[in-house]
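>>> take a look and give me a structure for this.
(one chain, ligands or ions: 1)
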Amino acid sequence: MIDCHVHLGAEAFRHDRDVVMERARSAGVVAMLAVTEGPEELSEVRRLAADSTVALPVLACFGLHPDRFAEDLSPPPREQIDTLIEAIRRDANQLGAIGEIGLDHFRVRSAERRRAQAALLEELAQLGKELGLALSVHARSAGRAAFFGTAARRRLEPHFYCCRKLQGGPARLQMPVRP
Ligand SMILES: [Zn+2]
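Prediction:
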């Protein structure tokens, strides 16, 4: 069993990450795909992926969480997105996927912020296609748009999606997964 979406790089896991990983290994997990929410987590996730002493192999995924476009935050500056793209290009051969990226229409309400969120998803979907990398997609109140809008509409599908869908039943969760 591979856990395809963990936040091991998050501050909240710093104090007991080894315990969490050991518990996952005991439960039958053989590898983890560790996503990043923003540039501040890139180096930690990169370090974990290179560390052979941890309980499980970790594959790093670089992304920018769609919640970062919420109205109560400053929108991610272009330099931050460029830094992310640079890191993805540099580490492409080692990455498990591009993510976490996606659409969140629960936290992000304005048309302007939703457009920016969708533009990033589309840009990174193109990059994923170019580099042969999958996407680890977050979709909240936006499943149809995330999987059948933007990237999908323009036939930019990478070879598969790892899904993090926060609403809807299991049948809908399976729908966008491509082998
Ligand atoms: Zn997540």
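>>> beta partners for A31?
Listed by DSSP bridges, the beta-bridge partners for A31 are I2.
>>> what's near enough to touch it?
Taking CB atoms under 8 Å, 6 or more residues apart in numbering, we find A31 in contact with I2, D3, L56, P57, V58, L59. (Glycine included, C-beta is placed from N, CA and C.)
>>> now these as JSON lines including neighbour count?
Formatted as JSON lines, those follow (neighbours: other CB atoms under 10 Å):
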{"residue": "I2", "neighbour count": "13"}
{"residue": "D3", "neighbour count": "17"}
{"residue": "L56", "neighbour count": "17"}
{"residue": "P57", "neighbour count": "14"}
{"residue": "V58", "neighbour count": "24"}
{"residue": "L59", "neighbour count": "17"}
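>>> quick one: which of these is nearest E71?
E71 lies nearest to D3 out of these, by CB to CB, at 31.6 Å.
>>> give me the distance between the residue nearest to the closest one when sequence neighbours are not counted and R17.
Nearest residue to D3, sequence neighbours excluded (CB to CB, 6 or more residues apart in numbering): M32, at 4.7 Å. Between M32 and R17 the distance is 11 Å, computed by CB to CB, to the nearest Å.
>>> do the same with S43
15 Å.
>>> those two - which one has more neighbours?
It is R17, of S43 and R17, that has more neighbours when counted by other CB atoms under 10 Å, with 18 against 12.
>>> need the contact list for the more buried one.
Listed by CB under 8 Å, 6+ apart, the contact set of R17 reads L8.
>>> run a quick neighbour tally on V20.
Neighbourhood size, V20 [other CB under 10 Å]: 14.
>>> got the buried residues for the longest helix seen in the chain?
Secondary structure of the chain per DSSP state H: the longest helix is helix 111-131. Burial within helix 111-131, assessed by neighbour count using 16 or more other CB atoms under 10 Å, is assigned to 113-114, 116-118, 120-125, 127-129.
>>> re earlier: now do the same for the residue nearest to D3: its pLDDT.
M32 is assigned 93 on the pLDDT scale.
>>> now do the phi/psi pair for the nearest residue to P66 once chain neighbours are set aside.
Nearest residue to P66 in three dimensions, chain neighbours excluded: D104, at 4.3 Å (CB to CB, 6+ apart). With angles defined as degrees, to the nearest 10, D104 sits at phi -130, psi 100.
>>> list the beta-bridge partners for D104.
D104 has these beta-bridge partners by DSSP bridges: R140.
>>> ok, it - contacts?
By CB under 8 Å, 6+ apart, the neighbours of D104 are P66, D67, F69, A70, Q117, H138, A139, R140, S141, A142.
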